[in-house]
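I'll drop the sequence and a predicted model, then ask my questions.
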Amino acid sequence: MSDSQLSLKLFMENFFLLIWRRWSIFIGHLKSGNWIAILYIMKKVCLRFMSLLLYPVGFLLVIFIRLIRPWLLVRINILTSERIGHFAANTELYLCERDAGINVPDCRYVDLWYHNWPICNEQLARMWGRVLHVGPRCLLGAVDRVNASIPGGEAHGMGNNTRSDVDVLNLLDRFPPHLSFLPEEEKRGVAGLRLLGVPEGVRFVCLIVRDSSYLNEVIPWREWTHHDYRDCNIQNYTLAAQELVERGYFVIRMGVVVKEAMNIDHPMIIDYASNGMRSDFMDIYLGAKCAFCISNSTGFDAVPYIFRRPLLFVDVAPLGPIRTENEKFINTCKKYWLRNEERFMTFQEIFNSGAAYLTVSSNFDNLGIDLIESTPEEIAAVVLEMEERLQGTYEAMEEDEKLQRCFWELFPRHEMHGEIRSRMGADYLRRNKALLA
């Protein structure tokens, strides 16, 4: 069998496997009576069919953009509009790379974008539309796919950022945010804060704790259980929220779709994700204006990220891709428990075994690894460290810098990291000294 025949065979096998998986998911929703998911899937199919109908027009436009290429290079790419993390971070990093002269043609060019469906946040889409050339989804999607299917189309694609949604080139420190609010949006945002109960001039912290609800509901045509290892328990964060309230902060729990509300009743702890007051606009405004954001490294934190807000990443998993690119980032990670040996893996073992880069729930299970979340007390400790470091009041212990050095000496250099500027939580390393051995 020739290489071309083998490639075709593999393509067809993967294609039919994908169709089978999508069909199985659809049948599962049908059997369970999940009509919202079924409607989403049917709309996705209709949009793809509409795009197919536009292929003849797309073919003519591809011919046109190739004819004018000596005078103007037209590049086309899709925005990852269905997932807010990539929609925010990938797009901002594209603009930063453009400012830095990276991935920029040495001729006259124009970059055209189109949205994927569904658009996860209409306000963010509106704001990107003010700084990008965004065209109709079905038409530009047809042009993009036709162009990719005809030899020579590579020149009209933009490709990906250097590292997707991770700033491995440390560009966010070099360039200001590309998005800003219009005067009327600023007024709307201030009014939204008053409506939530946040007084003028009072600092607030955004809290986003990952669970599987959002992707299962908004993108139901895909199977998402392979991400379940990233989920965390929102109730573990109530103690940290109370500690912040005692220091004068409001805490706003973010999320579009969540499994459960926070089990706490306090006027300064606002479960915005569950109280019926959330909106696409306020999601972006709150992320842009927060004192800092607490996250498990999940979609929403890309909003404060692109607005250059400080970020605290708690119980990140896996360990390898922790966020290292900014000095205002602090990390802690879930601990790796070996079921058979009834002990935690050391950091060195996690890296040497490859477990630091596993990204599928079943892979951890197959290796007999349970990922253990931090206790409420551990979470509160790193949250207060973050607050004190930002206020310039943090008092480090004598061993802290030594523990930091020990951890980063074990941390292998990888393509997903540029210059390492962030820290691990001090209390986290003190409690886990044995894992540094």
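Perfect, thanks for sending it.

From now on I want contacts and neighbour counts done on CA atoms only, so please keep to that.
Noted.

Find the residue closest to Val316 in space, skipping its chain neighbours.
In space, and not counting its chain neighbours, Val316 is closest to Cys333: 4.5 Å by CA to CA, 6 or more residues apart in numbering.

Test my guess that that neighbour contacts Asp315.
Yes: Cys333 lies in contact with Asp315 (CA atoms under 8 Å); the separation is 4.0 Å.

returning to that earlier point: tell me the phi and psi of the residue nearest to Val316?
phi -130, psi 150 (degrees, to the nearest 10).

show me what contacts it?
By CA atoms under 8 Å, 6 or more residues apart in numbering, the contact set of Cys333 is Val314, Asp315, Val316, Ala317, Pro318, Leu319.

Of those residues, keep whichever come out buried.
Buried subset of the contacts of Cys333 (neighbour count, 16 or more other CA atoms under 10 Å): Val314, Asp315, Val316, Ala317, Pro318, Leu319.

could I get those as CSV with secondary structure?
Below are these laid out as CSV (DSSP: H, G, I helix; E, B strand; the rest coil):
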residue, secondary structure
Val314, strand
Asp315, strand
Val316, strand
Ala317, coil
Pro318, coil
Leu319, coil
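
List just the nearest of these to Ala88.
Closest to Ala88 out of the buried ones among the contacts of Cys333 is Val316 (19.6 Å), distances taken as CA to CA.

Roughly how far does that closest one sit from Cys293?
Look at Val316 and Cys293: by CA to CA, to the nearest Å, they are 14 Å apart.

End to end on stretch 198-210, go ahead and measure it.
24 Å.

Give me the contacts around it.
193-194, 230-234, 248-255, 268, 286-287, 290-296, 298, 300-301.

Those in helices, which ones?
Leu193, Arg194, Leu286, Gly287 (DSSP state H).

Sort out which of those residues are buried, if you could.
Buried among the ones in helices among the contacts of stretch 198-210 (16+ other CA under 10 Å): Leu193, Leu286, Gly287.

Just give the nearest non-adjacent residue to the second one, would you?
If the residues on either side of it in the chain are set aside, Leu286 comes closest to Cys206, at 7.3 Å by CA to CA, 6+ apart.

Point out where the stretch 201-350 of the chain drops to low pLDDT.
Within the stretch 201-350 of the chain, the segments meeting pLDDT under 70 span 216-224.

what about the helices in it?
Secondary structure of the stretch 201-350 of the chain (DSSP state H, counting those that start in this stretch): helices located at 213-218, 238-246, 280-289, 302-306, 347-353.

Kindly compare burial across the ones you listed and name the winner.
helix 302-306 (a mean of 24; mean count of other CA atoms under 10 Å).

Please tell me how far Val258 sits from Ala434.
Separation of Val258 from Ala434 (CA to CA): 35 Å.

Same drill for those two, tell me which one is more crowded.
Val258 (17 against 12; other CA atoms under 10 Å).

Asp211 is in contact with that one, correct?
Yes: contact criterion CA under 8 Å: Val258 and Asp211 qualify, at 6.8 Å.

so how far is Glu378 from the residue nearest to Leu286?
19 Å.

Contact partners for the residue nearest to Val257 when sequence neighbours are not counted?
With CA to CA, 6+ apart as the criterion, Val257 has its nearest non-adjacent residue at 5.0 Å, and that residue is Tyr214. The contact partners of Tyr214, by CA under 8 Å, 6+ apart, come to Val256, Val257, Val258.

Next, Asp111: secondary structure please.
Asp111 - assigned by three-state DSSP - is strand.

Could you say which helix or strand holds the closest residue in space to it that isn't next to it in sequence?
Distance criterion CA to CA, 6+ apart; nearest residue to Asp111, sequence neighbours excluded, is Arg75 at 4.8 Å. When elements are assigned from DSSP states H and E, Arg75 belongs to strand 73-79.

Show me what counts as buried in that strand.
Within strand 73-79, the residues scored as buried using 16+ other CA under 10 Å are Leu73, Val74, Arg75, Ile76, Asn77, Ile78, Leu79.

next one: stretch 128-138
So for stretch 128-138, counting by 16+ other CA under 10 Å, buried means Trp128, Val134, Arg137, Cys138.

Just the residues you listed: which are in helices?
Trp128, Arg137, Cys138.

All the strands of the protein, residue numbers only.
Using DSSP state E, the strands of the chain run over residues 73-79, 109-115, 133-135, 204-208, 250-253, 269-270, 292-295, 311-316, 329-333, 335-338, 343-344, 369-372, 423-424.

okay, the ones you listed in CSV with distance to Ser361 next?
Output for the strands of the chain, formatted as CSV (distance: least, CA to CA, whole Å):
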stretch, distance to Ser361
strand 73-79, 27
strand 109-115, 30
strand 133-135, 36
strand 204-208, 21
strand 250-253, 26
strand 269-270, 31
strand 292-295, 20
strand 311-316, 14
strand 329-333, 16
strand 335-338, 13
strand 343-344, 18
strand 369-372, 10
strand 423-424, 24
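
Would you tell me which of these gets closest to Phe351?
Minimum separation from Phe351 across these (CA to CA) falls at strand 335-338, 11.3 Å.

Report the backbone C-alpha coordinates of the closest one in PDB.
Only the C-alpha atoms of strand 335-338 are listed here, as PDB (Å, rounded to 0.1, in the frame of the first residue of the first chain):
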ATOM      1  CA  LYS A 335      -1.800  16.300  44.100                       C
ATOM      2  CA  TYR A 336      -1.300  13.000  42.400                       C
ATOM      3  CA  TRP A 337      -2.300  10.100  44.700                       C
ATOM      4  CA  LEU A 338      -1.100   6.600  43.800                       C
END
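
contacts for it?
By CA under 8 Å, 6+ apart, strand 335-338 touches Arg343, Phe344, Met345, Ile350, Gly368, Ile369, Asp370, Leu371, Ile372, Glu373.

Tell me the one of those nearest Asn161?
The closest of the contacts of strand 335-338, once distances to Asn161 are taken by CA to CA, is Ile350, at 28.2 Å.

Grab the nearest non-local neighbour of that closest one.
Ala356 (5.4 Å).

Now do the contacts for that neighbour.
Counted by CA under 8 Å, 6+ apart, Ala356 has contacts Pro318, Leu319, Gly320, Pro321, Ile350.

repeat that with 10 Å
The neighbours of Ala356, taking CA atoms under 10 Å, 6 or more residues apart in numbering as the test, are Ala317, Pro318, Leu319, Gly320, Pro321, Ile322, Tyr336, Phe347, Gln348, Glu349, Ile350.

Specify which member of these is nearest to Glu395.
Among those, and counting by CA to CA, the member closest to Glu395 is Ile322, at 24.4 Å.

For Tyr336, give the beta-bridge partners.
Leu371 (DSSP bridges).

Tell me how far it lies from Gly201.
Using CA to CA, we find Tyr336 at a distance of 42 Å from Gly201.

Looking at these two, which one has more neighbours?
Neighbour tally, Tyr336 and Gly201, criterion other CA under 10 Å: the higher count belongs to Tyr336, 25 against 6.
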